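Participant: no sequence for this one, just the structure:
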C-alpha cells in the first residue's frame, strides 16, 4: 500500500487506556488524520464508551472534518457518524430477546461453574449492548491494575469462552478485552466490522490500515490481520501516538 485512504483503530489500549479517556495528544492526532484520510474506530465496546472516551474529548472541529470519523461499536454491528447535530445512527443490528436470554444464562452459569464469578466488582458483570452481550469479570468500571492482575495469561478468559461457546453454538463467543467475553451473532468480529466499513465507505480493504494492540493469534484484533488488511501493532496509546507522529506527515492533505 502506498498510502492508506482509511486508518482504523482499536479503542482500549490502542487509543486510550482501558475504559479511559484519550490523551489530548491523541485527540489532536485523530483530527490531523481526518484532514487527510477517513478515520475509523472499531471496538467491542458500546457507543457510550466511544462517546465518553473519544468523542467528548476531541478538540473543537467543524462538522465537515468530523464527518470523516466513523464509529463502529460492538465490532461493527453498530455504525455511527459524527454530524453537526451530534452522533447519527447509520445502522444497529441487535440480538433477539431469545438470543440475549440464552447468552446471559450461559455466560453466568459457566462463569460460576468455573469459579470466575467474582463477588467484589466495579459495576455490573453482565451487560446487554443491544447487538452484543458482554461479560466483564470485575465489572464494567474495574481499575486497570485490577484487570491486569486478574488474568495475566488469558487462561481464565479463554476457558470461559470455550465453555460458553459449547453451550450456545448458534452464537459467536469471543475473548474481548483483558477481562471480558463478548457474545454476538455468528461471524461478528473486527474483520466483520472492517468489511462493513468497506461497504459503507466504498474504500477497498487493500487501501485500509488497522492499528491495534491485540494482533496476536488469540487477540480480538487478530481477525483483521488474518483477513489480509495491513496492520500495525502497538502496546498502548503512547505507541500509537509515536506511530501517528511518523505516519501523519507522509499522508497528503485532501
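Facilitator: Structure received. All values derive from a computational prediction rather than experimental measurement.
Participant: residue 159 versus the residue lying farthest from the centre of the chain, what's the distance?
Facilitator: The outermost residue of the chain relative to its centre, with distances by Cα atoms, centre = their mean, is residue 113 at 28.1 Å. Note on residue 113: its distance to residue 159, by Cβ to Cβ, to the nearest Å, is 10 Å. Where you see a C-beta, it was placed from the backbone N, CA and C, and this is true even at glycine.
Participant: now residue 222
Facilitator: 19 Å.
Participant: more neighbours: those two, which one.
Facilitator: More crowded of residue 222 and residue 159, by other Cβ atoms under 10 Å: residue 222, with 18 against 14.
Participant: you'd agree that one is up against residue 229?
Facilitator: No: using Cβ atoms under 8 Å, residue 222 is not in contact with residue 229; the gap is 11.2 Å.
Participant: what's the spacing between the residue nearest in space to the middle of the chain and residue 216?
Facilitator: By Cα atoms, centre = their mean, the chain has its centre lying nearest to residue 43, at 1.0 Å. Applying Cβ to Cβ, the value for residue 43 to residue 216 is 17 Å.
Participant: now do residue 249
Facilitator: Between residue 249 and residue 216 the computed distance is 29 Å (Cβ to Cβ).
Participant: likewise for residue 223?
Facilitator: When distance is defined by Cβ to Cβ, residue 223 is 12 Å away from residue 216.
Participant: more crowded one of the two?
Facilitator: Comparing residue 223 with residue 216 by other Cβ under 10 Å, the one with more neighbours is residue 223, at 19 against 12.
Participant: how about the strands in the stretch 101-250 of the chain?
Facilitator: Per DSSP state E, counting those that start in this stretch, the stretch 101-250 of the chain carries strands over the ranges 126-128, 133-136, 171-175, 180-185, 208-212, 230-233.
Participant: out of those strands, flag the one nearest residue 25.
Facilitator: Nearest to residue 25 among the strands of the stretch 101-250 of the chain is strand 208-212; the distance by Cβ to Cβ comes to 15.0 Å.
Participant: isn't residue 156 up against residue 150?
Facilitator: Yes: counting by Cβ under 8 Å, residue 156 touches residue 150, with 7.3 Å between them.
Participant: any shared contact partners between those two?
Facilitator: residue 137 (Cβ atoms under 8 Å, 6 or more residues apart in numbering).
Participant: using the three-state scheme, assign residue 40.
Facilitator: strand (DSSP: H, G, I helix; E, B strand; the rest coil).
Participant: what's near enough to touch it?
Facilitator: 6, 7, 8, 9, 69, 70, 71, 72, 197 are the contacts of residue 40 under Cβ under 8 Å, 6+ apart.
Participant: if we go to 6 Å?
Facilitator: Neighbour list for residue 40: 8, 70, 197 [criterion: Cβ atoms under 6 Å, 6 or more residues apart in numbering].
Participant: go on, residue 167?
Facilitator: By Cβ under 6 Å, 6+ apart, residue 167 lies in contact with residue 106.
Participant: all further residue positions should be reported with the first residue as 36.
Facilitator: Yep, numbering from 36; the last one is residue 202 now.
Participant: pLDDT score assigned to it?
Facilitator: Listed pLDDT for residue 202 reads 98.
Participant: and what of the one 4 residues further on?
Facilitator: The confidence metric pLDDT takes the value 97 at residue 206.
Participant: residues contacting residue 135?
Facilitator: If you count contacts by Cβ under 6 Å, 6+ apart, residue 135 has them with residue 163.
Participant: hmm, back to that, now render the strands of the stretch 136-285 of the chain as TSV, adding distance to residue 179 and mean neighbour count.
Facilitator: Listed next are these as TSV, based on distance: least, Cβ to Cβ, whole Å; neighbours: other Cβ atoms under 10 Å:
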stretch	distance to residue 179	mean neighbour count
strand 161-163	18	16
strand 168-171	13	26
strand 206-210	18	21
strand 215-220	13	25
strand 243-247	18	24
strand 265-268	20	17
